[in-house]
Structure formats: C-alpha cells, structure tokens
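Participant: Sequence first, predicted model second:
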Amino acid sequence: MSLFGQTAALTIALFVMLVGLVGVILPVLPGLILVWLGILVYALIEGFAAIDPLTFVVLTLLAGVGVSADIWMTQLGAKLGGASWRSQLLGLAGGFVGAVLFFFLGGVSAAFGALVGSIGGVFVGEYWRYENWSRALRSGAGWLVGWLTSMILQLIIGVVMIAIFVWQVFRG
C-alpha cells in the first residue's frame, strides 16, 4: 500500500475511533463498537501486518468486556444497592421498554429511555418488594452508580485500545 493510502487509512481509522470515544460518553453512538470497527477496517486494509492477529484478539476481548459492561456493571451496582434479582430483571425489562418508548415517542434518545426505564424498573421492583422508599431509592442509585462506573470503564478501555492500536502501527 502506498504511503498516501496508509496515511488515509490511519486517519480514517483514528477518526472513527475518536467518534467511538465520544459515543462512550454520549450513548447515542455505539462507542467501543466504533473503536473496534476502526481497528478492524485498518487491520483488513493493511493485511494484519501492524495489527497482528494476536493483538486483534486482545483488542476484541477488551471491546467485549467494555461493550458488556453496561449490563454487568449496572446489575452489580443494583445488587450492591440491595436490589433483588427480580428487581434487576425488572430493570433490564424497564430499560428495553424505556428505549423503545423514548425512541418512538417524539424522537427522544433511546439511550436516555433505557437509562430512565432501567432505574425505574429497579426502583419499582424494590418498592414493590419492601414498600420502603429509601430502600428502593438506594437500589436505583446503586444501578445508576453501576452505569456511571461502566461508562468510566468503557472510556478507559477505549483509550487503551486506541493506545495499543497507535503503538502497534508506529512501532515499526
């Protein structure tokens, strides 16, 4: 590949990855999936020379941990906040319903709907279980803390993925 082609591919890949990092913070974009896709496309274009298969597997595993963090960290946060497994399931269901409703009602962000629906599901489940507002609020807050922690983890993973990518491309 020519120097111009390599430079263009690298520039496009880095742009897509940076948009992915923004997507971690603004959940209307598929965050780490974009970072991973930028790496994949670059690796395919350059024939897996700079991004060798082992490095690509490591980056794929990192992306998998980060992409799934929204689910397991929010559930862990809810659990640490005292939520039962039933309330956590209601949180998952509420997130799905919230995403669909917010998307179709007025074009509001599906991600925001998922956030509201999930917290609401955990809160309703715990209030139904104990009929205690403070306990229900603590469980909902635990879910929210888990979600915020997952965003931080995804951001760290995204930066690490990009750093590994840049290191591999420029190492020689």
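Facilitator: Received, thanks. Numbering: from 1, shown residues only.

Participant: Next, count neighbours for Phe48.
Facilitator: 14 (other CB atoms under 10 Å). Where C-beta positions appear, they are placed from N, C-alpha and C, glycine not excepted.

Participant: mind listing what it touches?
Facilitator: Listed by CB atoms under 8 Å, 6 or more residues apart in numbering, the contact partners of Phe48 are Phe56.

Participant: just checking, what packs against the longest helix along the chain?
Facilitator: Counting residues, the longest helix found in the chain (DSSP state H) is helix 133-170. In terms of contacts (3 or more CB pairs under 8 Å, 6 or more residues apart in numbering; DSSP states H and E), helix 133-170 is packed against helix 3-25, helix 31-45, helix 53-80, helix 110-130.

Participant: Ok, which of these comes nearest Gly140?
Facilitator: Closest of the helices and strands packed on helix 133-170 to Gly140 is helix 110-130, at 4.0 Å (criterion: CB to CB).

Participant: if we can go back for a sec, the helices and strands packed on helix 133-170: which one's closest to Val169?
Facilitator: helix 3-25 (6.4 Å).

Participant: What residues of that closest one count as buried?
Facilitator: Buried residues in helix 3-25, counting neighbours by 16 or more other CB atoms under 10 Å, are found at 9-10, 13-14, 16-17, 20-21, 23-24.
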